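> the sequence isn't on hand, but the structure is:
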């Protein structure tokens, strides 16, 4: 295991940021720390980097006990949400900084900087100042700067949080490809579940200073450990007292499946390719259903129609239903 | 049909005009900003430009010989030298101390910080003659702490240091407050020691503010009168500074000599401000 966090707690005054957190982050993988804002994930990342210190517990990085090591000695690369560029230095100088601190030969530094700038597609901006770059470019420069010292682990704190939606999407795909190329153990913090599921090999869900669940994106989505994880990873609705995803509700115009709840469509909303229906069941439950536009057209749904809803087979977090002859 | 040739004709003309006046067109004034500029220029002229040129005119009225007489006078030369050298020394001290004080005020947490933050401005807010009295009673012949500097060159430095204290502090402080601590964290995680981080990352960001404060401190230092006049003893060739010398010229009715000294000081101040600006640009670029 590349990063081992054991029994880490951290308080800021009365506020408990982390409460006895235990996590093992495997070597060479891309792990996301996912959770709502203020949940403690950034604090955990800063403790791993040595930028904050834990009140109790230990941090081991690549087999080295690092709990009391200063950040300079941990050999971690850190990327900040707001880039933390060295404003007065050119892009090349920013990237070279860590190598110059290590007093590497000039030729070696120049070659390494060249290589990294090519990797992050900023070669033509080598002699610009960071203020002449866009947000996305600045963050790529910050990433190159962190990678220059060949860190054992790369830590990214909400790396795309300050960018607009389109650039954010481009950059996370790019980060995934970069990770497949460079293979450095990477941990990134995000509050965006889509970003975590798209990019990460493994996700650690953190809420109110505690780890709620650890698993691959599929495991988390299909077998959420609790209501919080289920709710945080996507929309949910309640049918027959069970929580499930709106697109996992099967809707039909006739009672095809056993145990189907009968109800009336109280609202229909079309958003692009999907149709969101609200069904008021006769038992008084308000069930949200998501269908594709095509499916909704086939069923010729109208508000006020009488329908039957039931969990679809293979739906997450409910026992499989027995199909009757339709 | 008729508009097309016109458009074609007007194009080169417009191009030529924009080429020749591309800089001016960027500063085209709206009526409101024109009024603003006019008012500030009148105000500036009344307060600064006209009196300054009057001094130069007055000094040149005596011809080159006035300057020669002033410059060959041993007393005046000594006063000029003492003033400029002392002010430079104190400016250097301020650049270091002012930055340290600003750092403590912004980054450290301690009891009485708000009070210290307030007290910094007192040398600036106090009438300088009062400052002179305070210094005299503390470091003068009846010094309660047994430190007597009156009548020595230390007194000149002391008085200048006292009145110029706030300048660098007050210019550096806001810049330091704006400075992102993430940047220092980034440097630390890249392996940079605290000292190297300060020298290579923090200091370059502070340099313009430090030099701006230094220019103000120097200008204040060479012009100081009130705080100095009581404690320095005004001994010619020892502790007499330019402003005191100038006053004695005026008292003796030698207004031409006074104006000549004033003109020289005007150039010294101008030179210092330009030099500080040039050094600042250089240091900032080197990073």
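It's in. Just so it is clear, the structure is predicted and the values come from calculations on it, not from any experiment. Numbering: from 1, shown residues only, chains lettered A, B, ... in the order given.
> residues near residue B:225, how many?
By other C-beta atoms under 10 Å in any protein chain shown, the residues close to residue B:225 number 16. C-beta here means a position set from N, CA and C on the backbone, and glycine is covered the same way.
> let me redo that: residue A:268
Neighbours of residue A:268 (other C-beta under 10 Å): 17.
> need the next SSE after the one helix or strand residue B:248 maps to, C-terminal direction.
Under the criterion of DSSP states H and E, residue B:248 resides in helix B:242-251. As assigned by DSSP H and E, the chain's next helix or strand after helix B:242-251 is helix B:255-286.
> got the buried residues for that next one?
Neighbour-count burial for helix B:255-286, counted by 16 or more other C-beta atoms under 10 Å in any protein chain shown, picks out B:256-265, B:268-269, B:272-273, B:276, B:280, B:284.
> so which helix or strand takes in the residue most central in space within chain B?
The residue lying closest to the centre of chain B (C-alpha atoms, centre = their mean) is residue B:216, at 1.9 Å. For residue B:216, the host element (DSSP H and E) is helix B:203-223.
> which strands or helices does the top helix by length along chain A pack on?
Secondary structure of chain A per DSSP state H: the longest helix is helix A:165-182. Helix A:165-182 sits against strand A:30-34, helix A:106-119, helix A:135-148, helix A:193-199, with contacts defined as 3 or more C-beta pairs under 8 Å, 6 or more residues apart in numbering or on different chains; DSSP states H and E.
> most tightly surrounded among the ones you listed?
Neighbour counts (mean count of other C-beta atoms under 10 Å in any protein chain shown) averaged over each of those peak at strand A:30-34, with a mean of 26.
> correct me if wrong: residue A:299 contacts residue A:253.
Yes. If you go by C-beta atoms under 8 Å, residue A:299 and residue A:253 touch, sitting 6.0 Å apart.
> which other residues reach stretch A:244-251?
Applying C-beta atoms under 8 Å, 6 or more residues apart in numbering or on different chains, the external contacts of stretch A:244-251 come out as A:234-239, A:257, A:276-277, A:279, A:287-291, A:299, A:307-318.
> so which of the residues you listed sit within strands?
Counted as lying in strands by DSSP state E, out of those, are A:237-239, A:276-277, A:279, A:287-291, A:307-311.
> may I ask which of those residues has the most neighbours?
Result: residue A:239 is most packed of the ones in strands among the contacts of stretch A:244-251 (other C-beta under 10 Å), 27 neighbours.
> which non-adjacent residue is nearest it?
For residue A:239, ignoring the flanking residues on the chain, the nearest one in space by C-beta to C-beta, 6 or more residues apart in numbering or on different chains is residue A:287 at 5.0 Å.
> how near is the closest residue to chain B within the stretch 101-250 of chain A to residue A:211?
Here the stretch 101-250 of chain A gets closest to chain B at one residue, residue A:101, 4.7 Å apart by C-beta to the nearest C-beta. Distance, residue A:101 to residue A:211, by C-beta to C-beta, to the nearest Å: 34 Å.
> looking at these two now, which is surrounded by more residues?
Neighbours were counted for residue A:101 and for residue A:211 using other C-beta under 10 Å; residue A:211 has more, 22 against 18.
> strands paired with the helix or strand containing that one, and their directions?
Using DSSP H and E, residue A:211 sits within strand A:210-215. Each strand paired with strand A:210-215, and its direction, by DSSP bridges: strand A:202-207 (antiparallel).
> can you give me the mean pLDDT across the strand it pairs with?
Averaging pLDDT along strand A:202-207 yields 94.
> need the contact partners of that strand.
Here strand A:202-207 makes contact (C-beta under 8 Å, 6+ apart) with A:21, A:23, A:25-26, A:29-36, A:39-41, A:44, A:196-197, A:211-217, A:220, A:228-229, A:232.
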